[in-house]
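In: sequence unknown, structure follows:
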């Protein structure tokens with residue numbers, strides 16, 4: 001069938017209508033007339049792929065990757081749009097989510113992040129799925145099926161140097177390749193059940209780790225530790241522990257957190273979901289010996305890394321646990337500044353209420369999902385914390401994902 005798509009939706013979709021029903025379309029751009037193939041049907045809407053463009057958008061380009069397109073790799077959403085158009089689309093998504101979920105009308109600009117020329121060669125962590133015969137590839141969209149690839153164009157050159165796509169990984173379920181800003185490389189293999197993985201020779205030196213379940217990894221070649229350098233400080237990250245995948249993202253987000261949070265000497269700051277301690281270290285330096293920083297993280301390996309990374313900053317400490325229970329356990333009732341960087345699911349109502357009760361002068365919220373951010377911001381507003389500033393950063397070119405940084409400040413209005 002043929003439809004005209006008129007706007008963008010969260011998740012890499014464009015939206016049109018056919019016989020009164022909403023159709024979510026991939027591989028299209030707003031304003032285009034396209035012929036689509038339906039991939040999923042529900043009582044309320046259809047999902048479809050644009051298989052032919054009848055009236056193209058001026059923002060359309062030929063996708064640089066041969067694996068991008070209907071029925072192929074699901075890793076990229078916007079390879080058929082110029083990088084500038086991708087950022088405009090992401091800004092519209094953020095604006096729509098805030099208008100719909102938080103009742104906030106706000107114009108947003110999504111900024112380019114240095115380190116991804118033309119939107120390619122930026123992803124420093126790539127996880128490949130492995131088929132029954134050991135052939136690696138990337139998942140197709142909304143599918144467990146694997147698209148074998150011989151190269152990934154958004155992968156960083158140091159990831160591609162390992163050559164994981166061209167090796168056989170018999171016995172593995174997934175293979176993750178990681179490259180750090182200091183030149184370290186690691187390969188993290190997840191076995192399929194209790195099978196033994198055949199470890200191939202690699203195209204470049206790399207530590208090799210094996211997942212042993214429950215988040216634990218074991219180094220079988222090298223130490224399995226990577227080092228990232230940001231703002232003159234070196235951070236240790238064990239294996240597949242969390243770190244930003246774009247080479248320019250850590251510095252960009254750190255700059256935004258410090259600018260919006262404006263930590264001052266002598267203040268008491270919290271870094272919740274602190275990971276390896278990127279924000280906590282900078283906050284500790286800013287508040288100085290007369291101030292204090294508490295970082296909270298639930299992942300054991302990240303806690304060990306963060307404690308090591310914050311050596312030499314006695315005004316900072318790291319506690320392991322869930323945010324709400326850790327704050328209660330340590331009797332934290334007030335803070336001058338709170339920084340939160342939760343997973344994609346966002347904070348959730350209980351944590352929003354706990355953070356709002358701290359009566360901080362500034363809350364800086366770093367988010368990789370504008371929908372859960374907007375939802376949480378709406379809850380904060382009802383608790384007297386209003387949105388003062390909202391920024392977007394293109395930390396994931398060619399995909400629908402976007403990073404946001406929001407500043408919340410007290411309004412005195414509670415509902």
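Out: Cool, got the structure. Just so you know, these numbers come straight off a predicted model, no measurement behind them. Residues are numbered from 1 along each chain as shown.
In: what about residue 90, neighbour count?
Out: Neighbourhood size, residue 90 [other C-beta atoms under 10 Å]: 28. C-beta: built from backbone N, CA, C; applies to glycine.
In: which sections of the chain are below the confidence cut-off?
Out: Scanning the chain for pLDDT under 70 picks out the ranges 413-415.
In: Return the residues in contact with the residue lying closest to residue 262 once chain neighbours are set aside.
Out: Leaving aside its sequence neighbours, residue 262 sits nearest to residue 362 (C-beta to C-beta, 6 or more residues apart in numbering; 6.8 Å). The contact partners of residue 362, taken as C-beta atoms under 8 Å, 6 or more residues apart in numbering, are 260-262, 336-338, 407-409.
In: and with 10 Å instead?
Out: Residue 362 sits next to 260-263, 267, 269, 335-339, 385, 388, 407-410 when contact means C-beta atoms under 10 Å, 6 or more residues apart in numbering.
In: Against residue 409, how distant is it?
Out: 6 Å (C-beta to C-beta, to the nearest Å).
In: again, but for residue 234
Out: Residue 234 is 33 Å from residue 409, by C-beta to C-beta.
In: The two - which one has more neighbours?
Out: The residue with more neighbours, out of residue 234 and residue 409, is residue 409; 15 against 11, by other C-beta under 10 Å.
In: Give the bridge partners for that one, please.
Out: Residue 409 has these beta-bridge partners by DSSP bridges: residue 386.
In: so it makes contact with residue 389?
Out: Yes: here residue 409 lies in contact with residue 389, judged by C-beta atoms under 10 Å, at a distance of 8.9 Å.
In: Let me see the contact set for the residue most central in space within the chain.
Out: The chain has residue 368 as the residue nearest its centroid, 4.8 Å off, counting by C-alpha atoms, centre = their mean. With contact taken as C-beta under 10 Å, 6+ apart, residue 368 is in contact with 244, 341-344, 346, 395-396, 401-404.
In: where does the residue nearest to residue 262 fall, phi/psi-wise?
Out: As for residue 362, its main-chain torsions (degrees, to the nearest 10) stand at phi -150, psi 130.
In: which other helices and strands contact the one helix or strand residue 175 maps to?
Out: Per DSSP states H and E: residue 175 is located in strand 172-179. The contact analysis (3 or more C-beta pairs under 10 Å, 6 or more residues apart in numbering; DSSP states H and E) places strand 172-179 against strand 125-130, strand 136-139, helix 157-160, strand 185-191, strand 207-213.
In: Now do it against strand 185-191, angle only.
Out: 170 degrees (axes from the mean of the first three to the mean of the last three C-alpha atoms, to 10 degrees).
In: So which bits of strand 172-179 are buried?
Out: Going by neighbour count (16 or more other C-beta atoms under 10 Å), the buried part of strand 172-179 is 172, 174-179.
In: for stretch 253-272, same thing?
Out: So, applying 16+ other C-beta under 10 Å, buried residues of stretch 253-272: 253-254, 256-258, 260-261, 263, 267-272.
In: can you give me the end-to-end distance of that stretch?
Out: 15 Å (C-alpha to C-alpha, to the nearest Å).
In: Need the residues that contact the host helix or strand of residue 324.
Out: Assigned by DSSP H and E, residue 324 belongs to helix 323-329. For helix 323-329, contacts defined as C-beta under 10 Å, 6+ apart pick out 270, 272-274, 294-298, 319-322, 332-333, 335, 340, 342, 347-348, 350-351, 353-355, 357-358.
In: again, but for stretch 51-59
Out: Under C-beta under 10 Å, 6+ apart, the answer for stretch 51-59 is 2-5, 14, 27-37, 60, 69-71, 78, 80-82, 84-86, 88-89.
In: Show the buried residues in those residues.
Out: 3-5, 14, 27-34, 36, 60, 69-70, 78, 80-82, 85-86, 88-89.
In: what sits in contact with each of residue 409 and residue 389?
Out: Contact with both residue 409 and residue 389 is made by residues residue 260, according to C-beta under 10 Å, 6+ apart.
In: Just the buried positions in the helix holding residue 324, please.
Out: 323-324, 326-327.
In: with these in mind, which one is nearest to residue 372?
Out: residue 323 (15.0 Å; C-beta to C-beta).
In: How about that closest one, nearest residue that isn't a chain neighbour?
Out: residue 272 (4.9 Å).
In: wait, the one you found sits on residue 295?
Out: Yes: counting by C-beta under 10 Å, residue 272 sits close enough to residue 295 to count as a contact (7.8 Å).
In: joint contacts of these two?
Out: 279-280, 326, 339.
In: Need the max-distance pair from those.
Out: Every pair of those checked by C-beta to C-beta; the farthest is 279 and 326, at 16.2 Å.
In: Take the contacts of residue 368 and write them to TSV, including distance to residue 140, secondary structure and neighbour count.
Out: Output for those, formatted as TSV (distance: C-beta to C-beta, whole Å; DSSP: H, G, I helix; E, B strand; the rest coil; neighbours: other C-beta atoms under 10 Å):
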residue	distance to residue 140	secondary structure	neighbour count
244	26	coil	23
341	30	coil	21
342	29	coil	20
343	24	coil	13
344	21	coil	11
346	27	coil	22
395	24	coil	25
396	19	coil	26
401	18	coil	18
402	22	coil	25
403	25	strand	26
404	28	strand	25
